[in-house]
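A.B. asks: next come a sequence and a model predicted from it.
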Amino acid sequence: MVMKYVQLGDFTTQAGAVIPQVRIAYEMWGQQRGNNVILVEHALTGDADACSWWPGLIGPGLVIDTDRYCVICTNVLGGCSGSTGPGTPAPDGRAWGSRFPALCIRDMVAAERQLLALLGIDELLQRVQREPAGVSPWSDYADDRLPQDDTQHTPPS
């Protein structure tokens, strides 16, 4: 699959720092039809290529069947695999490096929610995460995209 990118524009962190021209990298499998979207979360140091780190789980005819569902996995804001982070250019043209603003999980969730909105996704069928319960706080932030906390947790590999 080919990495795709969405430009969020300027992003203000929970601490009030403004990161200009944020982009979020993501991969998507299957076709979006109504609320058939499954959001796959990864380890904070991972990348959006969920098919490579969960082989045999995501794809046509597999457990998360991309013939039935649209599956999206993002690279987190501040990550190292395509989304805006310390390795990307700052406004002065040099890599942000240690100047990159500190982020909290809420910032990462907010950026991911903005990406979904820009893709026209108002509702998720399900959210699946690789982290133990409680690490990714989607349900802690008044998540109205899921009817309830319908997250499925899997053990890290």
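C.D. replies: Yep, that arrived.

A.B. asks: for this structure, what's the longest helix?
C.D. replies: helix 105-118 (DSSP state H).

A.B. asks: quick check: what element follows that one along the chain?
C.D. replies: strand 126-129 (DSSP states H and E).

A.B. asks: who does that next one pair up with?
C.D. replies: strand 37-41 (parallel), strand 151-153 (parallel) (DSSP bridges).

A.B. asks: now do the end-to-end distance for stretch 37-54.
C.D. replies: 18 Å (C-alpha to C-alpha, to the nearest Å).

A.B. asks: tell me the SS of the most far-flung residue of the chain relative to its centre?
C.D. replies: Seen from the C-alpha centroid of the chain, the residue lying at the greatest distance (C-alpha atoms, centre = their mean) is Asp92, 26.8 Å away. Assigned by DSSP: H, G, I helix; E, B strand; the rest coil, the conformation of Asp92 is coil.

A.B. asks: between the strands paired with strand 126-129, which gets the lowest average pLDDT?
C.D. replies: Ranked on mean pLDDT, the bottom entry among these is strand 151-153, at a mean of 44.

A.B. asks: point out where the protein drops to low pLDDT.
C.D. replies: By pLDDT under 70, the weakly predicted segments of the chain are 1, 43-46, 130-157.

A.B. asks: redo that, cut-off 50
C.D. replies: Flagging of the chain using pLDDT under 50 yields the residue ranges 142, 146-157.

A.B. asks: hey, which strand is longest across it?
C.D. replies: Secondary structure of the chain per DSSP state E: the longest strand is strand 18-29.

A.B. asks: which helices and strands does that one pack with?
C.D. replies: When contacts are defined as 3 or more C-beta pairs under 8 Å, 6 or more residues apart in numbering; DSSP states H and E, strand 18-29 sits against strand 4-12, helix 50-53, strand 70-74, helix 105-118. (Each C-beta comes from the backbone N, C-alpha and C, glycine too.)
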